[in-house]
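Novice: here is my input; please provide its structure:
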Amino acid sequence: MSIVAESMLGHAPEFRSVLRAAALVAPTDATVLISGESGSGKELLAHAIHHQSRRRHAPLITINCAALPESLAESELFGHQKGAFTGAVHQQTGRVQAANGGTLFLDEIAEISPTVQAKLLRLLESGECQTVGLPHTSKVDLRIIAATNKNLHEWVRLGRFREDLYFRLNVVPLELPALRQRREDVPLLMDAFASHFARRNGLQPPQYGVCALQLLKNYAWPGNIRELRNFCERMAILHAGQAIMATDLPWEMRQAAAVATPMTAPQLFALPVEGVDFEQLERHLIDQALERSGGNKSRAARLLGFSRDTFLYRLKKFSIPV
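Specialist: Residues are numbered from 1 along each chain as shown. Just a heads-up that it's a prediction; the model follows:
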């Protein structure tokens, strides 16, 4: 499974709703506007839509609009003729022409200049583009997917984005939820990323303890999927084949959990003065979870805050029939 496919995993209702809508629009040529916080997977969703479309054998050309210098944006998008402006010593094909027959993905579309916004509007309305330095326009056949982490409706109200272009882009809006809005997907994504990075580096994936997993589920993940993926890669390398406890987590994650937990919060478990046999306690909790779930391993895993794979690992550890 590719890292793109792994990043598109999830059972949260809000996320599944977006994927269902994406699957419906993918086979069409409708323009799509993907919104969501940075790192929430907008580019990955654009790739998924392209690869499920009739244009999947043609190019997917990605443009980061925020990285385009305003003076060169038009040339980068639509190309230029030799001598069209100072410094144009060679003819250059634009990204729009390179995407002919395929898909043009405009990331961070809110950052594009007003001048280029007008050119994009013409492209969307008529399929025409004009190479810098040429007096005539040419036709292209492409599908446009745009993405933004801004509220474009608000930007239109503030006069920072053309209203007509917004309506042309917003044919099928898809809004990706932030990771903190789909916390139940964190263990699933962690398992997928841990396996991916362990396999890629020839290592054994780490296993997460109950407390560590709970802290990670409660963490806000301000960097969303991107932050989680980078975290999993780091842990897969530094803690390969090990059990990761809460104390092994980065300081900011432990600190965020401490801030979020009031000092007056009741203790879930009081450690006896004489201590405990932790393995015996763990085995007892697993038995209770299996009993309460009627033997359903996925449900038992959720009761204990484990992923299914981690729970199966624990069953094998205690020689409980899988």
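
Novice: what ranges does the stretch 51-200 of the chain have for its strands?
Specialist: Assigned strands in the stretch 51-200 of the chain, in chain order: 60-64, 79-80, 92-93, 103-107, 128-129, 138-139, 143-148, 172-175 (criterion: DSSP state E, counting those that start in this stretch).

Novice: quick one: the fifth one to chain centroid distance?
Specialist: What that stands for is strand 128-129. Distance, stretch centre to chain centre, for strand 128-129: 32 Å (C-alpha atoms, centre = their mean, to the nearest Å).

Novice: what does it contact?
Specialist: 77-78, 94, 96-97, 119, 122-123, 137-140 (C-beta atoms under 8 Å, 6 or more residues apart in numbering). Every C-beta, even on glycine, is put in place using the N, C-alpha and C of the backbone.

Novice: strand partners of it, parallel vs antiparallel please.
Specialist: strand 138-139 (antiparallel) (DSSP bridges).

Novice: got it, and the fourth one?
Specialist: Sheet pairing here is set by DSSP bridges, and for strand 103-107 it gives strand 60-64 (parallel), strand 143-148 (parallel).

Novice: do the same with the last one
Specialist: Strand 172-175 pairs in its sheet with strand 32-35 (parallel), by DSSP bridges.

Novice: where does the spatially most central residue of the chain land on pLDDT?
Specialist: The residue lying closest to the centre of the chain (C-alpha atoms, centre = their mean) is residue 41, at 2.1 Å. On the pLDDT scale, residue 41 is placed at 93.

Novice: for the nearest residue in space to residue 208 that is not next to it in sequence, phi and psi?
Specialist: Of all residues not flanking residue 208 in the chain, residue 244 sits nearest, at 4.9 Å (C-beta to C-beta, 6 or more residues apart in numbering). Dihedral angles of residue 244 (phi, psi; degrees, to the nearest 10) stand at phi -90, psi 120.

Novice: pLDDT-wise, which helix or strand of this structure ranks last?
Specialist: Least confident helix or strand, the chain: helix 3-7 with a mean of 54, by mean pLDDT, DSSP states H and E.

Novice: past it, which element shows up next along the chain?
Specialist: Using DSSP states H and E, the helix or strand that directly follows helix 3-7 along the chain is helix 13-25.

Novice: what residues does that next one touch?
Specialist: So helix 13-25 is contacted by 8, 10, 32, 45, 48-49, 52, 172, 174-177, 181-182, 185 (C-beta under 8 Å, 6+ apart).

Novice: restricted to buried residues, select those in PyMOL.
Specialist: To isolate the buried members of the contacts of helix 13-25 in PyMOL, using 16 or more other C-beta atoms under 10 Å:
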select buried, resi 8+10+32+45+48+49+172+174+176+177+182+185
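
Novice: tell me where the model's unsure across the chain.
Specialist: Scanning the chain for pLDDT under 70 picks out 1-7, 71, 80-91, 130, 132-136, 256-274, 322.

Novice: domain map for it?
Specialist: Following automatic domain parsing, the chain resolves into domains at 3-177, 180-317.

Novice: and stretch 149-165, how far from the chain's centre?
Specialist: That offset, for stretch 149-165, works out to 24 Å (C-alpha atoms, centre = their mean).

Novice: list the contacts of that stretch.
Specialist: Counting by C-beta under 8 Å, 6+ apart, 33, 35-38, 42, 108-110, 114, 117-118, 120-121, 124, 166, 169-170 sit against stretch 149-165.

Novice: among these, which ones are in helices?
Specialist: By the criterion of DSSP state H, membership of the contacts of stretch 149-165 in helices covers 42, 114, 117-118, 120-121, 124, 166, 169.
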